[in-house]
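**Student:** Just to be clear, the model below is a prediction. Sequence and coordinates:
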Amino acid sequence: MTVGGNASSATGGPADGTRLQQLQALGMLCGFSAGAWLGAAEAPTKLVTAGVSPMVVSLLMVAGVFLARWSLPALVRGTAQIRADFHAAPHLVIWGVLAGCLWAVANTLTIFAIRDIGLSIAFPLWNLNSLLGILWGVTLFRELRGAGKLRWLGVTGGAAVMFAGATLLAVASSAQTTPSHALRGIVAALGAGVLWGTMYIPYRKAYLTGMNPLSFVAFFTIGELGMMSALAISYSGGAAGLAREIGHAKPALFWLMLGGFVWVIGDVFQQYAAKYVGISRGIPLSNTNQLWGLMWGILVFGEFHGQSGATLARVVAGSLLMAAGAGAIALASVSQGEHERWRKAAQREGVRYGVAEGYLRAGLEGREAESNSSGKKGRNWLDWVLVLGATAIFLWLASAAHAPQIAMNWTAAGVLCVAMLAFLLASAIALQKVTKFQ
């Protein structure tokens, strides 16, 4: 079957089973790739242990995110396509800004969590956002409706296993830090999970409406940067105080902004996963970042060095339980009947916001809407300004960067980076082949 669909989809009916299988396989691959890149993105936040303010860490990561969210879409699709998406569904700009605000607060909480309980433990705790993703997917967007008993069992059973793994990790955290710090870190990590879980509501609204993920992330960053700037200025006692803290962290600026750039790559894959397999499946898949976080924390940064074997066993067992639960949820594939419920939910969104039916249908089927394809394609001068400008900023920051003054295993870091690049290449090729990044 061709990427553009068949006669049934052209007349408003559901896509056929072969096309759905292609999109589901693509969504699952993107989910695993998201896990690899989202896991690596939090590694630079370990610099908070080297005396950098948590707010500065979060703000600079968001600055890197801002550069990536505009330069990557400009490179892959061009800003003309972003404008076309805006004209087709302008209401999604507001939802994108709201999602960005939620992300900024959640990301800040993760910095405090990493400082208090470490990367290995904080990751799985905030990944309880999977549970909220399932809840919102079922109640608001008709996911799992008509899915069958086995698929329901896979999702609910997987959620129970994930909760058990998180509980085991919370118990293990008390062995690494003082009780007061452990409690504070756990609360921060869980708070981040709640905010991120809620953030997926705008995600799903965007993709049911037909929005391209590369367009949505560009709108997302407006609320993200605005909210994070306000938080950082308030926390630092004003703009002058924030400027002093940023100046103090100058040797680390490159690493922190690079972390934001890496996060965006992971988030783009997560967005495609949410689009093609839903938030109740796509988010748990991307939450395999907990295992990547575990590997970065233990292999690269030496977390739990000197701890007892029992403590390490609880951390590993808890992470594996959560990963197994996420796998069970993700493998509960979307049936033809459930996808038909998605189509009806998309039609409801279209009627509510006045979005053309052809645009909605094309988005569900992973193809370009005719309204977009008729516009000008290719790169214009603005696209190249965004790409070259972001590249120049990172090169300038790299020239002033110093190696982090924390113990790291560079060999392990190199192996993990090679694995990440392999996921990136595989997913990018698949996206181009199946959907042309639609």
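**Tutor:** Arrived safely.

**Student:** from here on, contacts and neighbour counts on C-alpha atoms
**Tutor:** Noted.

**Student:** Give me the neighbour count for Leu331.
**Tutor:** Leu331 has 16 neighbouring residues, counting by other C-alpha atoms under 10 Å.

**Student:** Pull up the gap between it and Leu26, please.
**Tutor:** 13 Å (C-alpha to C-alpha, to the nearest Å).

**Student:** now Ser234
**Tutor:** 42 Å.

**Student:** likewise Met211?
**Tutor:** Per C-alpha to C-alpha, Met211 is found 17 Å from Leu26.

**Student:** Neighbour count for these two, which is higher?
**Tutor:** Each of Met211 and Leu26 has its neighbours counted (other C-alpha under 10 Å); Met211 has more, 27 against 21.

**Student:** per-residue pLDDT, the more buried one?
**Tutor:** Each residue has a pLDDT score; the one for Met211 is 80.

**Student:** give me the low-pLDDT residue ranges for the stretch 151-300 of the chain?
**Tutor:** 169-181 (pLDDT under 70).

**Student:** try 50
**Tutor:** Along the stretch 151-300 of the chain, no part satisfies pLDDT under 50.

**Student:** For it, which segments count as helices?
**Tutor:** 179-208, 213-235, 239-248, 253-277, 279-286, 289-295 (DSSP state H, counting those that start in this stretch).

**Student:** okay, the ones you listed in JSON lines with mean neighbour count next?
**Tutor:** Formatted as JSON lines, those follow (neighbours: other C-alpha atoms under 10 Å):
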{"stretch": "helix 179-208", "mean neighbour count": "22"}
{"stretch": "helix 213-235", "mean neighbour count": "22"}
{"stretch": "helix 239-248", "mean neighbour count": "15"}
{"stretch": "helix 253-277", "mean neighbour count": "26"}
{"stretch": "helix 279-286", "mean neighbour count": "31"}
{"stretch": "helix 289-295", "mean neighbour count": "25"}
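
**Student:** Reformat those helices into JSON lines and put distance to Gly302 next to each item.
**Tutor:** Output for these, formatted as JSON lines (distance: least, C-alpha to C-alpha, whole Å):
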{"stretch": "helix 179-208", "distance to Gly302": "18"}
{"stretch": "helix 213-235", "distance to Gly302": "30"}
{"stretch": "helix 239-248", "distance to Gly302": "26"}
{"stretch": "helix 253-277", "distance to Gly302": "19"}
{"stretch": "helix 279-286", "distance to Gly302": "24"}
{"stretch": "helix 289-295", "distance to Gly302": "10"}
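
**Student:** which one of the ones you listed lies closest to Ala36?
**Tutor:** helix 289-295 (5.7 Å; C-alpha to C-alpha).

**Student:** Can you tell me what sits against that closest one?
**Tutor:** By C-alpha atoms under 8 Å, 6 or more residues apart in numbering, the surrounding residues in contact with helix 289-295 are 34-40, 42-43, 119-121, 123-124, 127, 319-320, 323.

**Student:** Chain neighbours aside, what residue packs nearest to Trp152?
**Tutor:** Leu144 (6.8 Å; C-alpha to C-alpha, 6 or more residues apart in numbering).
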